[in-house]
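**Student:** the sequence and its predicted three-dimensional model are supplied below.
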Amino acid sequence: SAVISQKPSRDICQRGTSLTIQCQVDSQVTMMFWYRQQPGQSLTLIATANQGSEATYESGFVIDKFPISRPNLTFSTLTVSNMSPEDSSIYLCSVDDTPSGYTFGSGTRLTVV
Amino acid sequence: SQQGEEDPQALSIQEGENATMNCSYKTSINNLQWYRQNSGRGLVHLILIRSNEREKHSGRLRVTLDTSKKSSSLLITASRAADTASYFCAPAGFQKLVFGTGTRLLVSP
């Protein structure tokens, strides 16, 4: 199954700044997915990142706040822009490894102060 | 929506007992997956059951799927303290995976 390297594993950021999270996959994948997990909550899909096209965002998430890049089939970044304390969450990337299910990165724990 | 709803939200049992978690969903699915998450870290895939399957086993895990009732269950037999984690069902539709609300399982020695 795929192996994902996600960076950074955690960060503490000042409000109003931006953080870019990177995910590197050890194989080529068509789609990569970005999730947010707020404290004590389940995972919420932010967007689906396709190589060579704009990311597809879920309801409640917009490109200006969460710009995504997908320069090739093994790499993607998610930026959390103009952060506020409400953005404090764990952010995870994943790929579809069916029939083995989805494989997830180890997550980025973001705290905004 | 495609999101699953899990029951119970929290479950506390003793080692050696069985743990059962239930998941209900509302839309048609291609498959349904179960995941485990330890201490807010990355998720680990446990088992995938396809929409044309009714039951699947993997080690101490048993998953059932009833598409007529749009429900699934995860049974962990002979639980261990190491099974303490959050468990999520994920009904899989077209090209995306949406997670349920989760069950927090605590297994006490």
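**Tutor:** Yep, that arrived.

**Student:** B:Ile76 touches B:Ala82, doesn't it?
**Tutor:** No: applying CB atoms under 8 Å, one finds B:Ile76 not in contact with B:Ala82, separated by 10.9 Å. Using the backbone N, CA and C atoms, a C-beta is placed for each residue, glycine as well.

**Student:** which of the two has more neighbours?
**Tutor:** B:Ile76 (23 against 9; other CB atoms under 10 Å in any protein chain shown).

**Student:** residues contacting the more buried one?
**Tutor:** Residues near B:Ile76 by CB atoms under 8 Å, 6 or more residues apart in numbering or on different chains: B:18-20, B:60-61, B:83, B:105.

**Student:** quick check, the residue in chain B closest to chain A?
**Tutor:** Closest to chain A within chain B is B:His45: 3.4 Å, counting by CB to the nearest CB.

**Student:** quick one: that residue is in a strand?
**Tutor:** Yes: the assignment for B:His45 is a strand, going by DSSP: H, G, I helix; E, B strand; the rest coil.

**Student:** and the pLDDT at the residue lying closest to it once chain neighbours are set aside?
**Tutor:** If the residues on either side of it in the chain are set aside, B:His45 comes closest to A:Gly101, at 3.4 Å by CB to CB, 6 or more residues apart in numbering or on different chains. Looking at A:Gly101, its pLDDT reads 85.

**Student:** neighbours of residue 8, how many?
**Tutor:** Let's take chain A. A:Pro8 is flanked by 12 other residues according to other CB under 10 Å.

**Student:** my question was about chain B, not that one.
**Tutor:** Neighbours of B:Pro8 under the rule other CB under 10 Å: 12.

**Student:** still on that earlier bit, who's the residue of chain B closest to chain A bridged to?
**Tutor:** For B:His45, the beta-bridge partners under DSSP bridges are B:Tyr35.

**Student:** contact residues of chain B facing chain A?
**Tutor:** Chain B comes close to chain A at residues B:31, B:33, B:35, B:40-48, B:88, B:90, B:95-102, as judged by CB under 8 Å from any CB of the partner chain.

**Student:** show me how to select, in PyMOL, the buried members of the residues you listed.
**Tutor:** The PyMOL selection below is limited to those of the residues of chain B next to chain A classed as buried (16 or more other CB atoms under 10 Å in any protein chain shown):
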select buried, chain B and resi 31+33+35+42+43+45+46+47+48+88+90+96+97+98+99+100+101+102
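
**Student:** for stretch B:76-93, measure first residue to last.
**Tutor:** 25 Å (CA to CA, to the nearest Å).

**Student:** what mean pLDDT does it get?
**Tutor:** Here the average pLDDT along stretch B:76-93 is 94.
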